[in-house]
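Asker: coords below, sequence missing:
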């Protein structure tokens, strides 16, 4: 073990939590979606736990299943994070923004303004957005992956160039001489891509961290790796096993190296959904109370994952010895192996599902040790530089993690006892960068 | 006089004030441009004075004369206003946003999010933006006026339709039944213009004022009037005389009527730059100390306005009797008549210029009565429903106005002693609107 500590981030959505019915949980205010004060409370709790960043995923369209389901998006990422920035002082603020549906000049300006307003805590998760419902909100159809990524490379380069277009020493602001800014330090960038362009400069001086941090997120396709490798300092992953995490983290690091950077310049984050409870039993009961309604519909999926037939009448029984003998993890779904492990421990079908085996991240349920063990095991196995956490219910789930799991991680020496620095870059342990990274050769044909 | 009171707003720029050298004034922090805390102080002072709104003009490009001149833009309008929203509770938040260089879906989402975050205080000054330097930041050239305005009509309609696309009663949020939202209350808008389009819906419920207030600004060209008449509830004017104000206000009101609306639904705001001081003499000295450096360069302009030759050697002398006899207000510049009036009072050339006769708004200099007289005179003459103020130096100019001029206006019964309501619409006295205004027939060929 080196002295490197794990980094924690927290995803925020519509103010309720990671479970489909979190909004109905006891103590949750049903109007949190529009109540910025709620998000501020959660952000402050995460900051109390030394979290390096908040991560705001985004899907700028109404999902087809809305109704009993919530919106599963924050109202709007930039305004929400700006409001949060005014009530916090250390935690990083990472918003998702689409390179396809926003002008690079607007992205450059808003993210750098947030970076300055927050004293060096902003990050941009640059995504290309491939959903037809989103494209339709901009009167378009979905472009080919090649075109979307070509535009993404152009956009990120323009944004970074604009960020660097106010020279670090240009702001003279000498009241005596009357020189406000050195005009020679504000030069156009004059970048003309095939899809987007900007002249610049951008009239925003450096923040305490210079400029915002770029993140990438999603499955590591060659297109995404080429983008992340060149520009990203953080990678938001989706993996279910340590092996997957190690493999993806290695791919991401290699992509950075291939682009001319140091592999340590990009940090890989694995997701985790947490239910903190006095015992595993109580944690499962909590999840059953909140999300149990959705379990029957998951039976066919679980059957497929385990390769056996599961009936509704079996919900409150464990797998029979013959089912256990027959069961095998489906190679089609990386969650199958962890699900089979849970089944082998003798839990009922309902309890297996309450373990979150079909959720979109690994799930940990129970007392602090369960969560700390998972995080430490993954971290020490090299499966992640850190984690982005998705608490089951924000209203009490963040505090529970911060009060119970964080101290344990600190005792074990794997998590810092205080923020390493004041800026997002310092807290991620990624190098200073201002403007484009001179080491990176832009992709000829992204 | 009816019971109607005047409405005040305040423009914010880069954190210094309305004069070119405000940033060098005593007591001004040279780093206010990046210090959101400074803007928050000014906003809170304006709120203490019962101002209905802050108005953020915007020019998203670096001006050619930057250097000794400051940036003359807030860092970024939406993030700055969001930060301010978290430290204020009553004052309205009106940002300029270009219909040409932003997608309607993004505008709709950010402004309505700000409206919800601020509990019904957001406004959008929708402009088409015709400057080549701005267009170049988006890799474009300036489109024709006809095209820009056609896109503006499309954009504002789409934005308003998206604002109304979450039905007022759609948010069930009944934890008992599990119904979060009524999907039937979230319907697509399916608007397809020639330049922009969006499917929707937008997943943001009504704010306390329903949806943001639309503003228009600029010279009242037929194109702008057609836009403002249909959609705007506030018009930010630029006029130098009462006659101009009355004429423009009438044009704006008629445009609303022509579009099928009530003329009282649109409020006309005249600009004013203020220097509050114990006496006119001290006010002029304050302006000379701050901005006097720029006066010599203004001599040719003043000569042209008055139709007489003025030499540098005359800066500290008043117009001679023969010059006064010869002088006549140029019909080419509406500021000439007020300038001539100042000259006739016997002020030196330097003092005439210190009166701000060549500034981009009328200027009032001196004790509270001077400002109150101007505002009351214009208001009672029907030249404005209210004013957007530009204090000479924010650092002390807002407080001076609020502490000295506001009480006088209140004593005179022309300004309210408390906020009329809690939302921007209530404080402007404009009607509720949610979604598109059914009275307005969209322009067939804007």
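Answerer: Happy to help now that I have it. Every value quoted in this text rests on a predicted model; they were computed, and no experiment measured them.

Asker: what about stretch A:392-403, near chain B?
Answerer: No: counting by CB under 8 Å from any CB of the partner chain, chain B has no neighbours in stretch A:392-403; the shortest distance is 12.5 Å. To be clear about C-beta, it is placed using only N, CA and C from the backbone, and glycine gets the same treatment.

Asker: check stretch A:418-433 too.
Answerer: No: Stretch A:418-433 is not in contact with chain B by CB under 8 Å from any CB; minimum separation 14.8 Å.

Asker: can you give me the end-to-end span of that stretch?
Answerer: Counting by CA to CA, to the nearest Å, you get 24 Å between the two ends of stretch A:418-433.

Asker: equivalent analysis for stretch A:51-69, please.
Answerer: With CA to CA as the measure, the first residue of stretch A:51-69 is 28 Å from its last.

Asker: swap in stretch A:419-433?
Answerer: Taking CA to CA, stretch A:419-433 runs 20 Å from one end to the other.

Asker: may I see the buried residues of that stretch?
Answerer: A:419, A:421, A:423-430, A:433 (16 or more other CB atoms under 10 Å in any protein chain shown).

Asker: likewise for stretch A:170-178?
Answerer: Residues of stretch A:170-178 classed as buried: A:170-173, A:175 (neighbour count, 16+ other CB under 10 Å).

Asker: now tabulate these in JSON lines and tack on pLDDT.
Answerer: Formatted as JSON lines, the buried residues of stretch A:170-178 follow (pLDDT from 0 to 100):
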{"residue": "A:170", "pLDDT": "98"}
{"residue": "A:171", "pLDDT": "98"}
{"residue": "A:172", "pLDDT": "97"}
{"residue": "A:173", "pLDDT": "97"}
{"residue": "A:175", "pLDDT": "97"}
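
Asker: which ones among these also lie next to chain B?
Answerer: A:173, A:175.

Asker: among the buried residues of stretch A:170-178, which are located in helices?
Answerer: Among the buried residues of stretch A:170-178, the subset assigned to helices under DSSP state H is empty.

Asker: would you point out the most distant pair within the buried residues of stretch A:170-178?
Answerer: Spatial extent of the buried residues of stretch A:170-178 (CB to CB) is set by the pair A:170 and A:175 at 16.5 Å.

Asker: would you mind measuring from residue A:351 to chain B?
Answerer: Applying CB to the nearest CB, to the nearest Å, the value for residue A:351 to chain B is 22 Å.

Asker: pretty sure that residue sits in a helix.
Answerer: Yes: per DSSP: H, G, I helix; E, B strand; the rest coil, residue A:351 lies within a helix segment.

Asker: mind checking which helix or strand the closest residue to it other than its chain neighbours is in?
Answerer: Spatially, and ignoring its direct neighbours in sequence, residue A:351 is nearest to residue A:284 (5.4 Å; CB to CB, 6 or more residues apart in numbering or on different chains). Per DSSP states H and E, residue A:284 falls inside helix A:280-291.

Asker: after that helix, next one along is what?
Answerer: helix A:299-306.

Asker: now the helix or strand following that following helix: mean pLDDT?
Answerer: Downstream of helix A:299-306, the first helix or strand assigned by DSSP H and E is helix A:321-326. Confidence over helix A:321-326 (mean pLDDT, whole number) is 96.

Asker: in helix A:321-326, which residues are buried?
Answerer: Using 16+ other CB under 10 Å as the test for burial, helix A:321-326 gives residue A:323.

Asker: for the longest strand seen in chain A, packing partners?
Answerer: For chain A, the strand with the greatest residue count under DSSP state E is strand A:267-276. Here strand A:267-276 touches strand A:7-11, strand A:234-236, helix A:242-258, helix A:280-291, strand A:363-366, helix A:368-380, strand A:386-391, helix A:394-400, going by 3 or more CB pairs under 8 Å, 6 or more residues apart in numbering or on different chains; DSSP states H and E.

Asker: how about a cut-off of 7 Å?
Answerer: Judged by 3 or more CB pairs under 7 Å, 6 or more residues apart in numbering or on different chains; DSSP states H and E, strand A:267-276 is in contact with strand A:234-236, helix A:242-258, helix A:280-291, strand A:363-366, helix A:368-380, strand A:386-391, helix A:394-400.

Asker: quick one: mean pLDDT over it.
Answerer: For strand A:267-276, mean pLDDT rounds to 98.

Asker: identify the neighbouring strands of it in the sheet and state each direction.
Answerer: strand A:234-236 (parallel), strand A:363-366 (parallel), strand A:386-391 (parallel) (DSSP bridges).

Asker: show me the domain layout of chain A.
Answerer: Annotated domains of chain A cover A:7-276+A:367-428, A:280-366 [automatic domain parsing].

Asker: what's the most buried one of the ones you listed?
Answerer: Mean neighbour count (mean count of other CB atoms under 10 Å in any protein chain shown) peaks for domain A:7-276+A:367-428 among the domains of chain A, with a mean of 21.

Asker: give me the distance from that one to the chain's centre.
Answerer: On the basis of CA atoms, centre = their mean, to the nearest Å, domain A:7-276+A:367-428 sits 6 Å off its chain's mean C-alpha point.

Asker: for the stretch 1-150 of chain A, what lies in contact range of chain B?
Answerer: The interface of the stretch 1-150 of chain A toward chain B, taken as CB under 7 Å from any CB of the partner chain, is made up of A:23-24, A:30-31, A:34, A:36, A:60, A:62, A:66-71, A:73, A:75-76, A:78-79, A:82-83, A:86-87, A:101-103, A:105-106, A:109-110, A:113-114, A:116-117, A:136-139.

Asker: in the stretch 1-150 of chain A, which spans are strands?
Answerer: Per DSSP state E, counting those that start in this stretch, the stretch 1-150 of chain A carries strands over the ranges A:7-11, A:53-56, A:92-98, A:122-127.

Asker: so residue A:432 is in contact with residue A:211, correct?
Answerer: No: contact criterion CB atoms under 7 Å: residue A:432 and residue A:211 do not qualify, at 9.3 Å.

Asker: pLDDT score assigned to the closest residue to residue A:389 other than its chain neighbours?
Answerer: Of all residues beyond its chain neighbours, the one nearest residue A:389 is residue A:10 (5.0 Å), with distances taken as CB to CB, 6+ apart. We have a pLDDT of 98 for residue A:10.

Asker: okay, and the beta partners of residue A:10?
Answerer: Under the criterion DSSP bridges, residue A:10 forms beta bridges with residue A:54, residue A:389.
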